[in-house]
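Q: need coordinates for the below:
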Amino acid sequence: MLDVTVIEDPEAAAVSLDPIRARLLAELATEPASAAMLAGKVGLPRQKVNYHLKALERHGLIELAGERRKGNVTERLMRATAASYVISPAALPAVQPDPDRFRDQLSARWLLALGARLVRDVGELITGAAKARKRLATYALDGQVRFASAADRAAFAQELTAGVSALIRKYDAPGAEGGRDHRIVVALHPTVKAPTVKAPAAEGPAAEGPAAEGPAVEDRPIPELPQ
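A: Numbers count the residues shown, from 1 in each chain. Next comes the predicted model:
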């Protein structure tokens, strides 16, 4: 079983988004099971579960893990092909984000478009590498930093831009015979806070205000970065 896989086919994406089939996928990502075993967990007849399993198998989201004999019946034990799934923008080709339509380093929506393209491109590369039975050379860096102020964040972004740009200039070899182009994406965004539900007061009317915290959003202006 893969840790994560990318769904590129529109029909497979639609199948995975069905609530019942999504529940079956979650169960089969934990351990292999038959239609009869799953029927009790999801509260559906075995025949109905089997119908959904066939749809998931047809689109490569689950696979046969083995068989077992139970009385006069041979049960097929199915398992998910991955522990988690990501739907590629390629599943919606007519409306997938295009970062080249506009470029704005300070735009969260441009960052989202870059992330969507990353999912699409890496998904295609994984598919191609698997078909060619070759390893895919990738690298990722993930970290977290707490800035004391918006000015510090802007200064960090400026230094990061200068440093990465210097590395690009140093190693870029556009005329190298046999070389291969690589894309570099560096992202910086506030850490998303987990919702915190406030406990209701023991007596009296409910307290005013939201029941939970949302994503971190600052109302302070962000200093512009050099383009």
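Q: where does residue 138 land in three-state SS?
A: Secondary structure assignment for residue 138 (DSSP: H, G, I helix; E, B strand; the rest coil): coil.
Q: for it, give me its contacts.
A: By Cβ atoms under 8 Å, 6 or more residues apart in numbering, the contact list for residue 138 reads 122, 125. All C-beta spots, glycine's among them, are computed from the backbone N, C-alpha and C.
Q: rounded mean pLDDT for the helix or strand where residue 57 lies, please.
A: Element membership for residue 57, per DSSP states H and E: helix 46-58. Here helix 46-58 scores 96 as its mean pLDDT.
Q: report the distance from it to the chain centre.
A: Taking Cα atoms, centre = their mean, to the nearest Å, one finds helix 46-58 lying 25 Å from the centre of the chain it belongs to.
Q: now do the buried residues in that helix.
A: Going by neighbour count (16 or more other Cβ atoms under 10 Å), the buried part of helix 46-58 is 49, 50, 52, 53, 55, 56.
Q: now flag whichever of those residues is closest to residue 142.
A: residue 56 (31.0 Å; Cβ to Cβ).
Q: now that closest one, nearest residue through space, not along the chain?
A: Distance criterion Cβ to Cβ, 6 or more residues apart in numbering; nearest residue to residue 56, sequence neighbours excluded, is residue 62 at 4.5 Å.
Q: do you know how far the one you found is from residue 164?
A: According to Cβ to Cβ, to the nearest Å, residue 62 stands 41 Å off from residue 164.
Q: tally of neighbours for residue 69?
A: 8 (other Cβ atoms under 10 Å).
Q: okay, it: pLDDT?
A: pLDDT at residue 69 comes out at 84.
Q: tell me the contacts of it?
A: residue 75.
Q: shouldn't it be within a strand?
A: Yes. Per three-state DSSP, residue 69 lies within a strand segment.
Q: so this protein: which segments form each domain?
A: If you go by automatic domain parsing, the domain ranges for the chain are 5-86, 88-171.
Q: ranking these by burial, who's on top?
A: The highest mean neighbour count among the domains of the chain belongs to domain 5-86 (a mean of 16), with neighbours defined as mean count of other Cβ atoms under 10 Å.
Q: can I get the domains of the chain in a markdown table with distance to residue 179?
A: Below are those laid out as a markdown table (distance: least, Cβ to Cβ, whole Å):
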| stretch | distance to residue 179 |
| --- | --- |
| domain 5-86 | 26 |
| domain 88-171 | 10 |
